[in-house]
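J.: Sharing a model that was predicted from the sequence below.
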Amino acid sequence: MVADRVADRLPEDWRWVVTTRAVTFVVILVALLSVATGLVNIDQEAADFGPFAPYVPSGVQQAVGFTGALTGFLMLGSALMLRQGLRAGWYASVVLLPATAIQGVLQGSPYSVPLIVLSLVSLPVLVLTRSRFDSSLSLTTTQLAAGGALVGVQAYGTLGAFALREEFDGIDSVLEAFYFTLITSSTVGYGDIGPETEQAMLFTMSVVVLGVASFGIAIGALVGPVIQARISKTLGKMTYSQFESLDNHVLVLGYGELTEPIVDELVDAGVRFAVVARDRDRIETLTDRGILALAAQPSDEEPLRRVKIGRARAILVATNDDAQDALAILTARELRPEATIVAAATDHENVRKLERAGADTVLSPAVLGGILLVRSALGGDDTTLIERVLNETG
């Protein structure tokens with residue numbers, strides 16, 4: 001049946017995939033509407049639409065046009081985290097959706113109505129799907145330090161500039177001090193605010209040096225890994241740092257019908273493992289689940305070295321092609337003689353051949369299934385079951 005074939009091609013976690021992608025799409029749509037309405041209303045002189053329009057001050061109305069665009073860009077960031085199933089993205093979206101609705105009301109424009117409606121409709125949908133977003137945001141010590149340095153420099157510049165406001169031309173408030181710090185540390189420097197004393201000049205130079213350094217470190221530590229991970233996911237490859245961290249792990253070579261339950265069992269057991277297979281679609285599905293996977297020929301030496309086969313404790317080979325399995329076993333045995341290699345033979349007649357290729361244990365799913373079926377029908381003592389399976393397949 002067509003329906004059965006379609007169902008077989010779906011990943012086991014298809015409900016999670018559909019839900020997260022649907023919610024992510026809705027949040028992205030709200031973000032784009034927020035940016036669009038913000039840009040449309042940013043030059044509006046006064047609110048002229050809706051029951052609250054007479055009560056919205058002109059300054060507030062102009063401000064929400066600007067902040068609407070800013071909120072939209074922030075929501076695009078939260079949508080990216082939602083796409084990865086991160087709880088932090090869920091919390092950010094829960095905060096930003098009401099904010100976009102309020103901004104739409106304060107904008108007092110008919111163009112903001114779709115934004116208000118979609119924001120309010122999306123909020124209960126996000127609340128109902130809370131359980132889908134349970135992954136924690138893990139930041140390294142370097143990333144935390146980089147973020148702290150960036151925030152610290154901005155605080156240093158803002159407080160320092162405000163304290164020295166008498167020695168600057170154009171700083172009279174904290175907002176102007178923050179504006180000066182931001183354009184100075186980012187090296188934009190419009191020139192509308194300038195130091196008037198040597199002390200102010202020295203302070204400005206310190207802000208430039210510290211600001212450039214903090215921006216560079218933050219971009220490298222916070223944005224770099226995200227870009228690298230995204231490129232690696234698109235190409236179906238692991239990053240260099242992930243390669244290096246593999247140790248005492250299990251390698252799964254090839255991907256077939258038998259591989260899916262193997263992967264699920266390894267995940268449930270909490271065993272560190274990596275998959276090497278040619279099918280890029282399968283590899284992308286695995287990487288979406290957070291599983292280390294590499295799109296390559298399992299019988300080639302270079303990919304196996306990249307996934308640190310020399311450190312692997314066990315190797316599993318289970319595809320639907322015994323010939324490819326034999327080549328993968330030969331290569332793996334040559335590169336890692338001490339590892340335990342377990343293989344599955346699609347054809348029972350190839351069990352001996354895979355053993356001669358270098359596998360320590362070769363199981364025949366057909367024989368194993370037959371034994372289990374008879375065992376289930378007749379019952380009996382389970383103590384000899386494993387011995388019978390090994391004897392029949394060996």
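T.: Structure received.

J.: Quick one: the strands in the stretch 101-250 of the chain, in order.
T.: Under the criterion DSSP state E, counting those that start in this stretch, the stretch 101-250 of the chain carries strands at the ranges 168-169, 194-195, 250-253.

J.: wait, which of the ones you listed is closest to Thr319?
T.: strand 250-253 (8.0 Å; CB to CB). C-beta coordinates here come from the backbone N, C-alpha and C atoms, glycine included.

J.: Quick one: distance of stretch 104-116 to the chain centre.
T.: 32 Å (CA atoms, centre = their mean, to the nearest Å).

J.: Please spell out which residues along it are buried.
T.: Gly104, Val105, Leu106, Gln107, Gly108, Ser109, Ser112, Leu115, Ile116 (16 or more other CB atoms under 10 Å).

J.: what about it, start to end distance?
T.: 6 Å (CA to CA, to the nearest Å).

J.: Confirm for me that Asp300 is in contact with Glu334.
T.: No - counting by CB atoms under 8 Å, Asp300 stays clear of Glu334, with 12.0 Å between them.

J.: Can you pick out the residue with more neighbours from the two?
T.: Asp300 (15 against 12; other CB atoms under 10 Å).

J.: Quick check: nearest residue in space to that one, chain neighbours excluded?
T.: Distances taken as CB to CB, 6 or more residues apart in numbering place Thr331 nearest to Asp300, at 7.2 Å, with adjacent residues excluded.

J.: who's Ala314 bridged to?
T.: Val250, Thr340 (DSSP bridges).

J.: show me what contacts the residue positioned nearest the centre of the chain?
T.: With distances taken as CA atoms, centre = their mean, the residue of the chain nearest its centroid is Gln84 (4.2 Å). By CB atoms under 8 Å, 6 or more residues apart in numbering, the contact set of Gln84 is Ser135.

J.: From Arg289, how far off is it?
T.: Computed as CB to CB, to the nearest Å, the Gln84 to Arg289 distance reads 11 Å.

J.: got it, and Ser245?
T.: The separation that Ser245 has from Arg289, given CB to CB, amounts to 18 Å.

J.: now Val209
T.: 44 Å.

J.: Mind checking which of those two has more residues around it?
T.: Ranked by neighbour count (other CB under 10 Å), Val209 and Arg289 place Arg289 first, with 15 against 12.

J.: what about Val212, neighbour count?
T.: Neighbour number of Val212 under other CB under 10 Å is 15.

J.: My read is that it contacts Ser185, right?
T.: Yes - assessed by CB under 8 Å, Val212 is found in contact with Ser185 at 6.9 Å.

J.: How far does stretch 189-200 stretch from one end to the other?
T.: Criterion CA to CA; first-to-last residue distance in stretch 189-200 is 15 Å.

J.: So which bits of it are buried?
T.: Of the residues in stretch 189-200, Ile193, Pro195, Ala200 count as buried by neighbour count, 16+ other CB under 10 Å.

J.: List the residues that contact Gly77.
T.: Ala92.

J.: Help me confirm that it is found in a strand?
T.: No - counting by DSSP: H, G, I helix; E, B strand; the rest coil, Gly77 falls outside a strand, being helix.

J.: Tell me the pLDDT of it.
T.: Looking at Gly77, its pLDDT is 87.

J.: can you check Val362 too?
T.: Looking at Val362, the pLDDT reads 87.

J.: State the number of residues packed around it.
T.: 26.

J.: Verify the stated contact: Val79 with Arg21.
T.: Careful, residue 79 is Ala; it's not Val. No - in this structure, Ala79 is not within contact of Arg21 by CB under 8 Å, at 10.5 Å.
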